[in-house]
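> Below is the sequence, then the predicted model.
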Amino acid sequence: MSIVIIGSGIAGLTAAHELVEQGYTVTLIERNDQVGGLARTYQKENQTCPYEYSWRAYGQWYQNVYNIMKRIPFEGGTVYDKLTKLQGGAKTCSKTIPTYEYKKSPIDHLPYSDCLKLFFTLLRYLVSCNERNIDHYSELGLRKYIHKLQLSSKTESRVGKIVGPYLGMDYQNASVYDTLYACEMMHNNSDPEFNFNITSLPTSHVWFEPWTNLLKQKGVDIKLNTEVIRLHIDRGSISSVTVRDKLETYSIQSDYYVNCTGPEVLERFIAPYQEELYPFYKTIKNVAENGRQIQLSVYYYVDRKIYLDNENTLAYLPKTPWLLMVLPTGHIWGDEYMSHYCNPEIKEIVSIGICEPYVEGSYIKKKWSECTQEEIKIEAWYQLIHDEDFRNNTCIQGDVDNINIIDFKMWDSFVYKDGKMDTREPKWANNTNTAQNRPNATTPIHNLLIAGAYSNTTTSLYSMESATESGKIAAKKICELDHKYDTIYLHTKKRYTIFYILRLIDYCIYQGSFMIFFIILCILVKQYKLG
């Protein structure tokens with residue numbers, strides 16, 4: 001059986017990996033000149049130092065990602081062996097950067113009245129069924145909800161603004177439901193076997209290049225610089241796809257197709273058939289319109305080594321207007337790697353994640369989404385070196401004000417036009433009104449499946465783990481259609497089991513199934529008496 005996978009991000013690579021190992025003929029189609037999607041690295045030897053689309057961190061609950069990494073050989077071991085704990089900087093001075101980590105709990109040292117309000121919100125979420133939670137919380141924006149509860153600015157900074165750096169959401173548009181669900185999934189599914197990791201080398205070098213080599217060895221046909229421009233749907237199935245590369249336009253036929261592009265691309269594919277596929281088309285359109293998000297990582301190449309303390313390699317600076325995340329990357333990759341790829345003058349690469357697109361900066365006085373590339377370069381650096389946490393608690397060779405910027409990079413898909421910065425490769429994140437619209441792997445088109453971090457997974461957070469899970473789900477569905485069962489490892493995230501009975505009762509009430517509720521109640525009473 002032949003399978004065409006459209007898009008070679010993490011979801012597409014995962015689906016290809018699982019399916020080729022099951023003996024299927026797999027063709028992977030990618031419009032860019034390299035695989036990896038939003039996680040890829042720009043890396044051209046003798047042209048520039050590497051830089052990422054955005055920096056990557058791998059959580060303790062990334063079971064599906066780690067499963068894949070352990071199966072990819074690299075330098076005498078596996079890709080998994082090239083991970084390093086996010087904690088573990090270089091001890092060069094006695095300073096300690098604030099980490100804003102939750103040593104005890106997220107509400108530690110917050111005002112009592114704020115804790116009480118948050119407790120009742122959390123309690124209601126925990127004892128309610130997921131269907132009720134989605135209906136109640138998915139339309140509520142986190143920022144507006146925090147203001148509605150009249151929480152203090154300290155609590156907002158700790159609980160609200162943390163969603164950007166730690167969950168990858170947009171604080172302005174993140175939904176209350178997705179925030180609560182993500183926190184539950186992260187806490188309840190973390191595995192002590194794993195650390196909070198980053199890769200010790202650029203993502204493409206340490207993950208996607210060996211992954212690509214492995215897939216080619218297994219027989220996957222990877223077509224780069226090739227774009228699917230149309231799906232041909234006939235009688236509820238795809239008969240063929242039209243693709244275009246640098247030389248020609250042609251058709252490809254296959255038994256199954258797995259779409260691993262963003263929802264905006266899938267919407268364009270099925271728009272010609274929207275009348276016959278209307279409910280499905282409406283779902284994809286809603287995700288495409290409501291889930292769009294832009295977050296930005298920029299890279300400064302400087303002439304001084306910059307270290308955080310010996311326990312941390314990452315700093316979150318919540319006092320900066322753009323909520324900067326700072327990761328000195330160069331010393332993690334190592335001097336040997338730096339000297340091979342970078343100008344000798346460059347001693348450090350400082351990766352900065354910009355998490356707040358809707359607040360004016362402190363120097364140029366513009367939102368980053370309204371700045372030119374040069375303005376972003378100036379403003380983000382100004383916020384960094386004038387932030388008291390960074391300035392007073394970071395180990396730097398020499399004075400902060402005398403650091404020279406040798407080069408600056410941001411991803412070339414971001415373009416400034418008509419007074420706004422935008423990208424042709426946005427994220428599709430957990431904004432309001434997206435949870436109820438995320439599509440399942442199977443679709444009304446009989447031989448089309450969907451994989452991608454925006455699709456319906458138990459991880460349910462726009463992340464590498466969700467992308468990997470979705471690729472595994474799609475591959476598993478194809479195997480089941482081919483009567484192959486229990487052949488693919490898939491870790492599904494679990495909710496807190498302690499609230500299971502309460503959620504089950506609430507589900508019966510929510511669905512109006514009072515008879516089922518009465519039966520469950522009788523069973524519980526009987527078990528209590530027998531006990």
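Noted; the coordinates are in hand. Numbering: from 1, shown residues only.

> Low-confidence ranges, the stretch 251-400 of the chain, go.
Counting by pLDDT under 70, the stretch 251-400 of the chain contains low-confidence ranges at 309-313, 397.

> Provide the strand pairings for the helix or strand encompassing residue 26, with the direction of each partner.
Assigned by DSSP states H and E, residue 26 falls within strand 25-29. Strand 25-29 pairs in its sheet with strand 2-6 (parallel), strand 221-223 (parallel), by DSSP bridges.

> Now find how far off-centre that strand is within its chain.
In terms of C-alpha atoms, centre = their mean, to the nearest Å, the centre of strand 25-29 is found 24 Å from the chain centre.

> any idea which helix or strand of the chain has the worst average confidence?
helix 514-530 (a mean of 69; mean pLDDT, DSSP states H and E).

> pLDDT (mean, whole number) over the strand holding residue 26?
For strand 25-29, the mean per-residue pLDDT is 98.

> in its sheet, what does the helix or strand following that strand sit against?
The C-terminal neighbour of strand 25-29 among helices and strands, as given by DSSP H and E, is strand 41-42. Strand 41-42 pairs in its sheet with strand 51-52 (antiparallel), by DSSP bridges.

> got a list of contacts for the partner strand?
39, 40, 41, 42, 202, 203, 297, 299, 349, 351, 409, 411 (C-beta atoms under 8 Å, 6 or more residues apart in numbering). Where you see a C-beta, it was placed from the backbone N, CA and C, and this is true even at glycine.

> Pull the contacting residues for residue 386.
residue 362.

> So what does it look like in phi/psi?
phi -100, psi 0 (degrees, to the nearest 10).

> ranking the strands paired with strand 25-29 by burial, who's on top?
Most buried of the strands paired with strand 25-29, by mean neighbour count (mean count of other C-beta atoms under 10 Å): strand 2-6, with a mean of 24.

> now it: mean pLDDT?
Mean per-residue pLDDT for strand 2-6: 98.

> Now the element after that strand, going C-ward?
Next along from strand 2-6, by DSSP H and E: helix 10-21.

> So the most centrally placed residue in the chain versus residue 17, what's the distance?
What sits nearest the mean C-alpha location of the chain, by C-alpha atoms, centre = their mean, is residue 463, with 2.4 Å. Separation of residue 463 from residue 17 (C-beta to C-beta, to the nearest Å): 18 Å.

> Also residue 476?
For residue 476, the distance to residue 17 - C-beta to C-beta - is 13 Å.

> correct me, but residue 134 touches residue 434?
No - using C-beta atoms under 8 Å, residue 134 is not in contact with residue 434, being 10.2 Å away.

> Which other helices and strands does the host helix or strand of residue 117 contact?
Here residue 117 sits within helix 112-127, counting by DSSP H and E. Contacts defined by 3 or more C-beta pairs under 8 Å, 6 or more residues apart in numbering; DSSP states H and E place helix 112-127 against helix 153-155, helix 176-189, helix 500-510.

> which residues are contacting that helix?
Against helix 112-127 from outside (C-beta under 8 Å, 6+ apart): 107, 133, 137, 149, 151-152, 154-155, 159, 176, 180, 184, 496, 499, 502-503, 506.

> repeat for stretch 35-46
7-13, 28, 32, 34, 48, 50-54, 56, 202-205, 207-208, 211-212, 222, 224, 340-341, 409, 411-412, 425, 427, 464, 467.
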